[in-house]
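Asks: return atomic coordinates for the entry below.
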Amino acid sequence: MLKNRQALGLYCHVPFCASTCDFCSFYQKKPLRGDLDIYLEAMDLEFAQIPSNRAFDTVFWGGGTPGLLSAKDLDRLGNSMLARLAVPPKEWTVEMAPSTVKADKLEVLRELGVSRISLGIQSFNPRLLESLGRLHNPKQIYNAWERVQVAGFDQTNLDLMFAIPGQSIDQWEADIREAVRLSPTHISTYCLTFEEDTALYLKLSQGKVSIDEDKELRFYERGWELLDELGYKQYEISNFALSGCECRHNMNTWRMYEWIGCGPSAASQYSGERYQRPANLEKWSVALEGSEFPKIECVALSDDILLTDAIVFGLRMNCGVDLDSLKARFAQASCWDELEDALVKFNSEGLVELIGTQARLTQRGRLLCDAVGSGLIRRTAMPIYS
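Replies: Numbering: from 1, shown residues only. A predicted model of the protein is given here:
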């Protein structure tokens, strides 16, 4: 009998990329055959340790580029995972880069039970794609999209990026309109960030590119307005969907439920702990072969930590958070007074709307969501683990 009906997700990190995009700081490796074999064998060991008495509501394969795996390797990875799941997940997402989308891979994913394909297109503008270090071009985007449609995936997501150096508001609008013309069920829009140890960060430090925060806000606002006009409802700062097509896996994470991460660098929040696997294929695989399940940056989770994070990340969703529900869920938390004082303060500043037991960000609050989150964390003196 399945136990504990708290929502549970499974994340699988596929660390292989043909090249490193200028903005990417995720752990990744070139897809050499020997490393692929090491990865697949170690993932067998990862899957063997996941609980068989819990139902996984959602599965998400991210990277890296999961689509770089061959159809045969995708089939092996998927069947190894499914052998440990008591029931099929309600939602199963696989991320793919346009240049990796092939008919045989999509056929395997459909047969495995994948329900959702997420394409990282970033832009339809060839010059902007080149500036990001992306390998694909617009023609490959359209070819990939056609193959996904022919394969019959009902749930689809397109990732777009804005505030790219040299990008105009008109170019941003053009990318949104073109994405909507393809009629995905979901669109994610991400502001370009300058992460340390990336080629883009180096360009920033050398003065080759710059950050214009006022222009970033204009990108945010115009994107939100236009997507709403075109029928995509914002349900989280960066995410928009047709009715009923929100990403369940991400909502589970934002609401601070449990998830188990498999693969090098994958993070987990499970059984009272938050931790990561080592961001190194060799160290990760050797540990698993020795029957160890390595945990780095391991944090014991208290109700104070979970409550604070549930509010910080929950406020990113347009529906906000229900404070009474969180009080009942995190009954042992001792930081309620500090959090409520902070929410009242943000309410007086026009950043948070308080209606009964519900708290949600205002339009201005969504633009300043990172500052609101940092303020809540500072007010409760919680370390930033998320």
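Asks: going forward, measure contacts and count neighbours with C-alpha atoms only.
Replies: Fine.
Asks: isn't residue 66 right up against residue 93?
Replies: No - shown here, residue 66 and residue 93 do not form a contact pair, counting by Cα atoms under 8 Å, at 10.7 Å.
Asks: neighbour count for the two, which is higher?
Replies: Per other Cα atoms under 10 Å, whichever of residue 66 and residue 93 has more neighbours is residue 93, with 24 against 21.
Asks: could you point out which element follows the host helix or strand of the more buried one?
Replies: Secondary structure assigned from DSSP states H and E places residue 93 in strand 91-96. Next in sequence after strand 91-96, counting helices and strands by DSSP H and E, comes helix 103-112.
Asks: pLDDT of that next one, averaged?
Replies: The pLDDT scores in helix 103-112 average 98.
Asks: again, but for stretch 70-90
Replies: Rounded mean pLDDT across stretch 70-90 is 96.
Asks: repeat that for stretch 180-195.
Replies: 89.
Asks: again with stretch 323-332
Replies: The model assigns stretch 323-332 a mean pLDDT of 96.
Asks: roughly how far is that stretch from the heart of the chain?
Replies: Computed by Cα atoms, centre = their mean, to the nearest Å, the chain-centroid distance of stretch 323-332 equals 26 Å.
Asks: list the contacts of that stretch.
Replies: 303, 304, 306, 307, 310, 357, 358, 359 (Cα atoms under 8 Å, 6 or more residues apart in numbering).
Asks: ok, back up a step: neighbouring strands - and their directions - for the strand holding residue 93?
Replies: Applying DSSP bridges to the sheet, strand 91-96 is found paired with strand 58-63 (parallel), strand 116-122 (parallel).
Asks: may I see the PyMOL selection of the buried members of the contacts of stretch 323-332?
Replies: Buried subset of those, written as a PyMOL selection, criterion 16 or more other Cα atoms under 10 Å:
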select buried, resi 303+304+306+307+310+359
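Asks: nearest to residue 131, of the contacts of stretch 323-332?
Replies: residue 310 (36.1 Å; Cα to Cα).
Asks: roughly how far apart are that closest one and residue 330?
Replies: Using Cα to Cα, to the nearest Å, residue 310 is found at 10 Å from residue 330.
Asks: show me the contacts for residue 372.
Replies: Going by Cα under 8 Å, 6+ apart, residue 372 touches 312, 346, 351, 365.
Asks: ok, those residues vs residue 175, which is closest?
Replies: Of the contacts of residue 372, the one sitting nearest to residue 175 (Cα to Cα) turns out to be residue 365, at 25.4 Å.
Asks: quick revisit: okay if I get the strands paired with strand 91-96 as CSV plus mean neighbour count and distance to residue 230?
Replies: Shown next, in CSV, are the strands paired with strand 91-96 (neighbours: other Cα atoms under 10 Å; distance: least, Cα to Cα, whole Å):
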stretch, mean neighbour count, distance to residue 230
strand 58-63, 23, 27
strand 116-122, 23, 19
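Asks: how about CSV for those, with distance to residue 334 added?
Replies: Below are these laid out as CSV (distance: least, Cα to Cα, whole Å):
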stretch, distance to residue 334
strand 58-63, 31
strand 116-122, 40
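Asks: right, and those - which one's nearest residue 369?
Replies: Comparing those by Cα to Cα, strand 116-122 comes nearest, at 22.5 Å.
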